[in-house]
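Visitor: structure here, sequence nowhere to be found:
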């Protein structure tokens, strides 16, 4: 591993109210391509796959033959970008920052520049031997090559700049995907920091997303290690029920959500909040042991372009309001609003201006 790539300024030491994400950074390379391109790489329209060796040339070909858009992707990075966008209209606003691992290459530099343009401060760990993670995208078709995104190491959390970011964060967030690549040690370290701060009277929060059913099914040990630190847990109905099956919590989603909220928690400073989205159906929230339902405003089916970034955007909207000291009801409203904007666009991309009020 090489030296970190610095973009933007360090977060103020000791301040609270900022947002820090830790995850697997991916550069989304998005283009509108024809069916011949899909056929060439044996891709089905709407497929979401991990790249094999035969798919590797697709990234260069997209850039050579098509007009492409670069988007700073990866689940956690999407969320941090959306949160920064939601806060962009405020004169005095919390900072949003992100750490992860990229390669020492042009894709890594594009990723950093794209984040900086969106108001996100990054401190990437550089893998000198592995390329930056990339994802070729055509609307709902995604071909992901995780590469360096899987190689983040705990020692980077002890770098001076990263320590500043951690100390300055009021909310620390990670997606469940991070658990699959050795990230559990990082989550435990971050969780211990938040726990120590909360015990000392500093109301920091550690938030995590279940991210996918397979996390709940095949990474149960890692999830069990992380869960005691989680102050706010996000997921959708499929992920929630997958965790319910893994823990034998039954098949009633409301009861499963209540049971997840009641799982052992390291910090007694506050109870765990569980937030479960259900697409167009009401979002379920367990707070202080009580289940609440929040309706989702309807959206015409023909207005929906791409659902892939909906969950990441919801969390970004939610966390943006939590940073401002708003309650859960306001945070859910912002999450619904952000998700609604994102699903009407291709990829997890945001308009130039945010008019959320």
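Guide: That came in fine, so what should we check first? None of the values given here were measured: they were computed from a predicted structure. Numbers count the residues shown, from 1 in each chain.
Visitor: how about stretch 266-277: buried residues?
Guide: 266-267, 269, 271-277 (16 or more other Cβ atoms under 10 Å). No exception for glycine: its C-beta is placed from N, CA and C like everyone else's.
Visitor: state the pLDDT value of residue 16.
Guide: Listed pLDDT for residue 16 reads 41.
Visitor: residues in contact with residue 180?
Guide: 150, 215, 219, 222 (Cβ atoms under 8 Å, 6 or more residues apart in numbering).
Visitor: which of the helices or strands spans residue 217?
Guide: Assigned by DSSP states H and E, residue 217 belongs to helix 213-218.
Visitor: quick one, which of the contacts of residue 180 are buried?
Guide: 150, 215, 219, 222.
Visitor: show me what counts as buried in the helix or strand the last one falls within.
Guide: Looking back up the chat, that one is residue 222. Per DSSP H and E, residue 222 falls inside helix 220-226. Residues 222-223, 225-226 are the ones in helix 220-226 that count as buried (16+ other Cβ under 10 Å).
Visitor: now it: how far from the chain's centre is it?
Guide: Here the centre of helix 220-226 is set off from its chain's centre by 18 Å, with Cα atoms, centre = their mean, to the nearest Å.
Visitor: quick check: mean pLDDT across that helix?
Guide: For helix 220-226, the per-residue pLDDT averages 97.
Visitor: which elements pack onto the helix or strand following that helix?
Guide: Where DSSP H and E defines the elements, the next helix or strand beyond helix 220-226 is strand 232-236. Applying 3 or more Cβ pairs under 8 Å, 6 or more residues apart in numbering; DSSP states H and E, one finds that strand 232-236 makes contact with strand 205-209, strand 273-278, helix 310-323.
Visitor: pipe these into CSV and attach mean pLDDT and distance to residue 243 per row.
Guide: Compiled in CSV, the helices and strands packed on strand 232-236 are given as follows (pLDDT from 0 to 100; distance: least, Cβ to Cβ, whole Å):
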stretch, mean pLDDT, distance to residue 243
strand 205-209, 97, 12
strand 273-278, 98, 10
helix 310-323, 97, 15
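Visitor: and among those, the most buried is which?
Guide: helix 310-323 (a mean of 28; mean count of other Cβ atoms under 10 Å).
Visitor: what comes up buried for the next helix or strand after that helix?
Guide: Remark: after helix 310-323, the chain's next helix or strand is helix 328-342, criterion DSSP H and E. Across helix 328-342, burial judged by 16+ other Cβ under 10 Å covers 328, 331-342.
Visitor: what do you get for stretch 292-311?
Guide: Those would be 294, 296, 306, 308-311, for stretch 292-311 by 16+ other Cβ under 10 Å.
Visitor: for stretch 28-47, same thing?
Guide: Buried, per 16+ other Cβ under 10 Å, within stretch 28-47: 28-31, 33, 37-38, 41, 43.
Visitor: in strands, which of these fall?
Guide: The strands in this structure, assigned by DSSP state E, contain 28-30 from those.
Visitor: list just the nearest of the residues you listed to residue 115.
Guide: residue 28 (12.2 Å; Cβ to Cβ).
Visitor: and the helix holding residue 217, what other elements does it pack with?
Guide: Secondary elements touching helix 213-218 (3+ Cβ pairs under 8 Å, 6+ apart): helix 237-246.
Visitor: residues of the following helix or strand past the helix it packs on that come out buried?
Guide: Going down the chain from helix 237-246, the next helix or strand is helix 253-261, by DSSP H and E. Within helix 253-261, the residues that count as buried by 16+ other Cβ under 10 Å are 253, 256-261.
Visitor: reformat the helices and strands packed on strand 232-236 as TSV; add distance to residue 354.
Guide: Formatted as TSV, the helices and strands packed on strand 232-236 follow (distance: least, Cβ to Cβ, whole Å):
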stretch	distance to residue 354
strand 205-209	21
strand 273-278	20
helix 310-323	9
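Visitor: give me the pLDDT for residue 117.
Guide: 94.
Visitor: and it, how many neighbours?
Guide: 10 (other Cβ atoms under 10 Å).
Visitor: same question, residue 153
Guide: There are 14 residues near residue 153, going by other Cβ under 10 Å.
Visitor: list the residues that contact residue 120.
Guide: With Cβ under 8 Å, 6+ apart, residue 120 has these contacts: 8, 72, 77, 80-81, 84, 96-98.
Visitor: contacts only, for residue 341.
Guide: Listed by Cβ under 8 Å, 6+ apart, the contact partners of residue 341 are 313, 350-351.
Visitor: so which strand or helix has the residue nearest to the spatial centre of the chain?
Guide: By Cα atoms, centre = their mean, the chain has its centre lying nearest to residue 76, at 2.1 Å. Taking DSSP H and E as the criterion, residue 76 maps to helix 75-86.
Visitor: what pairs with whichever helix or strand comes after that helix, parallel or antiparallel?
Guide: Next along the chain after helix 75-86, taking DSSP H and E as the criterion, comes strand 96-99. Take DSSP bridges as the rule and strand 96-99 pairs in its sheet with strand 18-22 (parallel), strand 120-127 (parallel).
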